[in-house]
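Asker: Provide a 3D model corresponding to the input given below.
(3 chains)
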Amino acid sequence: MKALHRLRANPGATYALGIIVILTLGALIGPLFNPNDIATLDWAHVAAGPALAGAHWFGTDRLGRDLFVRTLEGTRMSLGVGLTASAISLGVGVAYGAIAGYVGGRLDQLMMRFVEVLSGLPLIFFVIFLTVVFGRSPYLLFLTIGAVGWLTMARIVRGQTLSIRQREYIEAAIASGAGTLRIIVKHVVPNLWGVVIVYATLTIPQIILFESFLSFLGLGVQEPHSSLGTLIAEGAGEMEAAPWILLVPGSVLAILLLCLNIVGDGLRDALDVKER
Amino acid sequence: MSEPLLKVESLRVLFGKVAALQDINFELRAGETLGLVGESGSGKSTLARAILRLTPAASGRVLWQGEDLLSLGTAELRQRRRDLQIVFQDPLASLNPRMSIGDALAEPLKIFEPTLPVAARKTRIAEMLDRVGLSADMVRRYPHEFSGGQCQRIGIARAMMLRPKLLICDEAVSSLDVSVQGQIVNLLADLQRNFGMAMLFISHNLAVVRHLSHRVLVIYRGRLVEMAETDALFAAPVHPYTRELLGEQVREATTTEQVTVGCAFQPRCAYAQPLCEASVPFLEDVATGHWAACHRWREVVYSSQHETRKSD
Amino acid sequence: MSANLHPTALPTLAIDNLSVRFGESAAVRDVSLRVEPGESVGVVGESGSGKTQVFMSAMGLLPPNARVQGSVRFEGTELLGVAPAVLNRVRGSKLTMIFQDPMTSLTPHLRIGIQLAEVLVTHSGSSWADAERAALLMLERVRIPEAKRRLRQYPHELSGGMRQRVMIAMSLLCEPSLVIADEPTTALDVTVQAQILDTLRIMRAELGMGIVLISHDMGVVAGLADRIVVMYAGRIVEQGPTAEMLRRPEHPYTAALLRCVPALSGPRLERMPSLPGQAPDPRRADQGCAFAPRCARAAERCRVEMPQLRALSRRHEAACHFPLSA
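Answerer: Residues are numbered from 1 along each chain as shown, chains lettered A, B, ... in the order given. A predicted model of the protein is given here:
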């Protein structure tokens, strides 16, 4: 794909992508290098500071749990949410928006009214409602966030589809005898990828932040598991006495979000050039 | 004489309240090339799209092999499309930029001959590429890698994949360099010789139309104003608009507004009289196989004969 | 109609050894060209010949990834690599350009009158009222029907031919020394082309400015140009006085282009004349004559040795090892 080549030519985006890959790999295989686990309480080292030479590289929290593995788990959780929720919003949003935009007419009106109504509902209440009904689980969390994330994607995709619909190659496809489904799948969607991928990369940070926020409120991931959000919530309370409890997950989150934004920008540039 | 393949009757197309086309009547036979000449905004491209139902018609009939295309259901219409193909003006724009040309050429086959095995399909694609003067190893390339002339060849190949009975060329060579136009025109002539399809060749360029067509239709502001065999039209044009096109002494319209009473050509016509305002002229027999829509055609013919005599 | 009245005067446009590259593609290769005051030059070539890029570099309109070498001097002042402020004093007033598609070169949401007046207000500092009056006069001069009404209209309300007349008017408002018309009639109907070219011819007779007319169609250029320059694959392959170029072309490419102008009268030919093959890839390196693969007269020497421009008679030169008169 020519776009990947162009992305590689962009130094900022390449480094950012590299950092994301390192963080992801670290989150996945890091625990193998560290004997601690997330639930063990080490009474000997309660609220100990970071000590790379010692038993706890990033220190421990108030209960003596190792911060290193907890941060890694938090990163896993946040990345998981980001990617899964994006994937859901991508899949549902693209299909919904492309169909509404291409078919047009009454179906389009109906579909978009539905989206508008859902958009009007306050996200938080929706999440609380679902959590109350289905209980707390990380997977439900992913689904919930994905379930609301698709709305904006659908709108964006519909807008793009409306403009693609006017293009001459769509007319040519109709004249060739292609049916509606074939046109949407083979002609409309492949020409949407540029916009869709860029938008998806830029919403992952938003989703991660949202999850962090929910966890901060106590609605997301629960003890003993952690997400970057819960760790930050915890750390906020210990800011004066043990600042590393906030700083470690906070920095990881900040770096992750920054890199995702840079990669998103880079992707947009890389894909746009091809359009020209 | 065989039945006409295509018969358009009283076709009328509206854009809002404005009639882009009205009272369109003509026939097309197998193996025949009908040229359609007109300026920008005359409705010639609209006619192509109305025949193929890419643009809705307000009234009239488009009889294809006896059936009215305008009254068919969606599925039935799609079935007929394999025989009715079109080549567009902008070669690059009519190709999906994200589809390799191999896939673009395979698509008509996948739609209408889905049981065709992959190998056979590839052979058909290679054959067609060869016929249009391109090489088979180009199948994996994308449209933006080709020149305008090459893209147009690809467009023609795609249209010809299913051996259509009618090929509509909508300004198919107008956006190409003059040095390349001839290549494409010759290709179309060759394809017609080999496959025997009927062609509707739409263009604003008379010289090119003259080369390819058996008969010519002239369209002005949505109405047909002259219809004749090519040689007859170019040797002795009757309608003042056609005469101006051939003499290239066109007086540009003094107003872009539609004339609402009588003949639409009045503001540009050297022969305009009050009677032209009274009613819209309809196509009349002016000679065998030659029709013109002009109230004063007799005076026009007389004055042109007078000129010829003077110059003898 | 040679207009070189002051032999010692500076040429209006002096291009020397101009090369333009985009990454691996060489769009213009070592082009040198002069336009004398009041002269009208036709530049002919296919898409990809580089004819447009030569003049885009003069106007400073090349995209940022273009690598330009050589010199382009307008009335003595170097234009390449110069600060935008210097370029803006000259562009739009003394050196103007008319583009191919008037729909995209006119701002869609501004009335015609404003777009025209803006040129005068910006370059000669006149008041809006004076500028609008001058605009109206110019519209009438370019034979736009109902000129006063047009001033208040928007571009989309005019036909293609009329929009192009507006562009011509815009290019002439500040009494330029040179107007560059890049394929001004290509997007128009054949019937309107003749009128637009007529208008250019009349304006030139009245105002005496130089014109560069760029086209892929020799027929378009023949009626207006004093001199014709033929370009192929980024190089000039032939140039000379129009009459001579039309009657006795030296380069096989020129002769082929002349054959491609389709005829309205005369016998109907079996095959429409055209050039076989297509223009060479701009990324290819120089090796021998670029036209050789398509040339009926090509020999081994043509594929190996690049032909240089040689004078074959007074003011007529061609770059060919086997020119047609030989």
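Asker: that's a helix at C:Gly288, yeah?
Answerer: No. According to DSSP: H, G, I helix; E, B strand; the rest coil, the state of C:Gly288 is coil, so it is not within a helix.
Asker: spell out which parts of the stretch 101-250 of chain C neighbour chain B.
Answerer: C:145-146, C:157-162, C:188-192, C:194-195, C:216-219 (C-beta under 8 Å from any C-beta of the partner chain). Heads up, the C-betas are built off the backbone N, CA and C, glycines and all.
Asker: what's the neighbour count on residue 195?
Answerer: Using chain A here. Residues lying near A:Val195 (other C-beta atoms under 10 Å in any protein chain shown) number 18.
Asker: wrong one, chain C
Answerer: Neighbour number of C:Gln195 under other C-beta under 10 Å is 21.
Asker: A:Pro50 contacts A:Thr60, doesn't it?
Answerer: No. At 9.4 Å, A:Pro50 and A:Thr60 do not qualify as touching, with contact defined as C-beta atoms under 8 Å.
Asker: which of those two has more residues huddled nearby?
Answerer: A:Thr60 (27 against 15).
Asker: contacting residues for the more buried one?
Answerer: A:Asp42, A:His45, A:Val46, A:Ala47, A:Ala48, A:Asp66, A:Leu67 (C-beta atoms under 8 Å, 6 or more residues apart in numbering or on different chains).
Asker: likewise for C:Ala311?
Answerer: Contacts of C:Ala311 (C-beta under 8 Å, 6+ apart): C:Glu317.
Asker: check which residues of the helix or strand where B:Ala120 lies are buried.
Answerer: Take DSSP states H and E as the rule and B:Ala120 turns out to sit in helix B:118-131. By neighbour count on 16 or more other C-beta atoms under 10 Å in any protein chain shown, the buried set for helix B:118-131 is B:Arg121, B:Lys122, B:Arg124, B:Ile125, B:Ala126, B:Met128, B:Leu129, B:Arg131.
Asker: distance from the chain centre to it, please.
Answerer: 28 Å (C-alpha atoms, centre = their mean, to the nearest Å).
Asker: contacts for the helix or strand following it?
Answerer: The first helix or strand that comes after helix B:118-131 along the chain, using DSSP H and E, is helix B:148-160. For helix B:148-160, the external contacting residues (C-beta under 8 Å, 6+ apart) are A:172, A:176, B:85-88, B:91-92, B:94-95, B:101, B:104-105, B:107-108, B:128-129, B:131-134, B:143, B:146, B:167, B:172-173, B:175-177, B:180, B:183-184, B:187-188, B:191, B:195, C:47, C:278.
Asker: between the helix or strand just after helix B:148-160 and helix B:148-160, how many degrees?
Answerer: Later in the chain than helix B:148-160, the nearest helix or strand by DSSP H and E is strand B:166-170. Orientation of strand B:166-170 against helix B:148-160 (axes from the mean of the first three to the mean of the last three C-alpha atoms, to 10 degrees) gives an angle of 150 degrees.
Asker: okay, and the closest residue to A:Gly26 other than its chain neighbours sits in which element?
Answerer: Using C-beta to C-beta, 6 or more residues apart in numbering or on different chains and skipping the chain neighbours, the partner closest in space to A:Gly26 is A:Leu72 (6.7 Å). According to DSSP H and E, A:Leu72 maps onto helix A:67-103.
Asker: ok, C:His321 next?
Answerer: Going by DSSP H and E, C:His321 is not in any helix or strand.
Asker: measure stretch A:220-240 end to end?
Answerer: Terminal residues of stretch A:220-240 are spaced 25 Å apart (C-alpha to C-alpha, to the nearest Å).
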